[in-house]
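after the sequence you'll find the predicted model.
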Amino acid sequence: MTGSSMSDQPQMSDQTALDRVLADYRTAFEPTWSDTDSLEQVRFCVLDCETTGLDPKRHRIVSIGAIAITEGEIDLSDRLEVLLRVRFNTAATLVHGITRSETEHALDEPDALSALLGYLGDGVIVGHHISHDLAMIDAALARHTDDRLQNRHLDTGQLMLALLDDGAFGAEPGLDDLSLDGLCRFFGIVPHDRHTAPGDAFLTALVLLRLLRVAARSGRNTLAALLRQPAPQADPKG
């Protein structure tokens with residue numbers, strides 16, 4: 001797939017294609033995963049976005065990388081890499097390294113969203129600090145549709161906190177950094193291609209594999225149990 005031109009007619013065509021993909025995307029959730037599904041049954045779509053900044057209202061997605069985990073394994077045949085056209089360089093270019101000139105023939109936003117939604121289906125979205133990625137995708141969708149992402153989602157940092165709260169790693173696991181780099185060090189994963197969407201998605205998938213094994217051993221062996229957050233602690237002054 002190649003990026004479309006800037007003229008009005010291709011943009012209308014892009015929108016029509018996005019509308020068709022959205023119809024199929026909505027259908028994918030009828031039915032979808034149940035709370036009692038085992039972790040091996042679920043298709044996890046581990047996702048990362050590189051963006052021009054942190055504000056979903058002002059900034060845009062530059063690239064998307066995603067890779068699936070099914071039956072407890074990374075599926076290298078089930079992955080997505082999307083590069084979007086960049087209108088101008090920002091300070092974030094120094095982080096992800098993608099310049100405006102490199103994206104001259106990349107996808108416009110509607111085509112990129114079509115590719116993403118077609119890939120995701122009803123997969124459970126996973127990412128590290130995934131709320132930022134979800135907000136950026138929803139903001140992109142809002143510019144072209146009335147839809148938002150419907151997928152269940154899981155943050156690997158939040159799952160790590162939940163497992164720590166469960167005592168799944170013992171009393172003193174020796175973890176003082178919940179960043180993606182910190183979790184990679186904790187699990188002995190050598191970081192590669194950091195701050196690229198496909199690279200960070202793959203590293204997060206490796207982290208998720210470790211977390212899923214720990215979760216299953218500690219009794220979080222269904223989708224509902226995996227997504228369950230720790231109960232808020234009572235206020236000692238209350």
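Great, that's in hand.

so where does the most centrally placed residue in the chain fall, helix or strand?
Note on the chain: the residue nearest the mean C-alpha position is Leu47, at 2.7 Å, using C-alpha atoms, centre = their mean. Secondary-structure element containing Leu47, defined by DSSP states H and E: strand 44-51.

in its sheet, what does whichever helix or strand comes after that strand sit against?
Under the assignment DSSP H and E, the closest C-terminal helix or strand after strand 44-51 is strand 61-70. Based on DSSP bridges, the strands next to strand 61-70 in the sheet, each with its direction, are strand 44-51 (antiparallel), strand 73-83 (antiparallel).

so which of those is nearest Gly127?
Among the strands paired with strand 61-70, strand 44-51 comes nearest to Gly127, with 5.0 Å by C-beta to C-beta. Backbone N, C-alpha and C define where each C-beta goes, glycine included.

follow-up on the earlier one: need the strands paired with strand 61-70 in TSV with distance to Asp193 and mean pLDDT, can you?
What follows is these, written out as TSV (distance: least, C-beta to C-beta, whole Å; pLDDT from 0 to 100):
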stretch	distance to Asp193	mean pLDDT
strand 44-51	10	96
strand 73-83	11	97
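
as a markdown table, these with distance to Ile61 would be great.
What follows is the strands paired with strand 61-70, written out as a markdown table (distance: least, C-beta to C-beta, whole Å):
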| stretch | distance to Ile61 |
| --- | --- |
| strand 44-51 | 5 |
| strand 73-83 | 8 |
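
nearest to Gln158, of those strands?
Shortest separation from Gln158 across those is recorded for strand 44-51, at 14.4 Å, computed as C-beta to C-beta.

how about the strand holding Leu47: buried residues?
In terms of neighbour count (16 or more other C-beta atoms under 10 Å), strand 44-51 has its buried residues at Phe44, Cys45, Val46, Leu47, Asp48, Cys49, Glu50, Thr51.

and of those, the nearest to Ala106?
Each of the buried residues of strand 44-51 was scored against Ala106 by C-beta to C-beta, and Glu50 proved nearest at 12.3 Å.

looking at this structure, which helix or strand is least sure?
Comparing helices and strands within the chain by mean pLDDT, DSSP states H and E singles out helix 93-96 as the least confident, with a mean of 64.

before we move on, what SS does Leu206 have?
Following DSSP: H, G, I helix; E, B strand; the rest coil, we place Leu206 in the helix state.

any idea how far it is from Asp193?
Between Leu206 and Asp193 the distance, using C-beta to C-beta, to the nearest Å, works out to 12 Å.

if you count what's nearby, which of the two comes out ahead?
Leu206 (21 against 13; other C-beta atoms under 10 Å).

the more buried one contacts Phe186, doesn't it?
No - counting by C-beta atoms under 8 Å, Leu206 sits too far from Phe186 to count as a contact (11.8 Å).

how about Asp75: what's its closest non-neighbour residue?
Once flanking residues are discounted, Asp75 sits nearest to Ala68: 4.8 Å by C-beta to C-beta, 6 or more residues apart in numbering.
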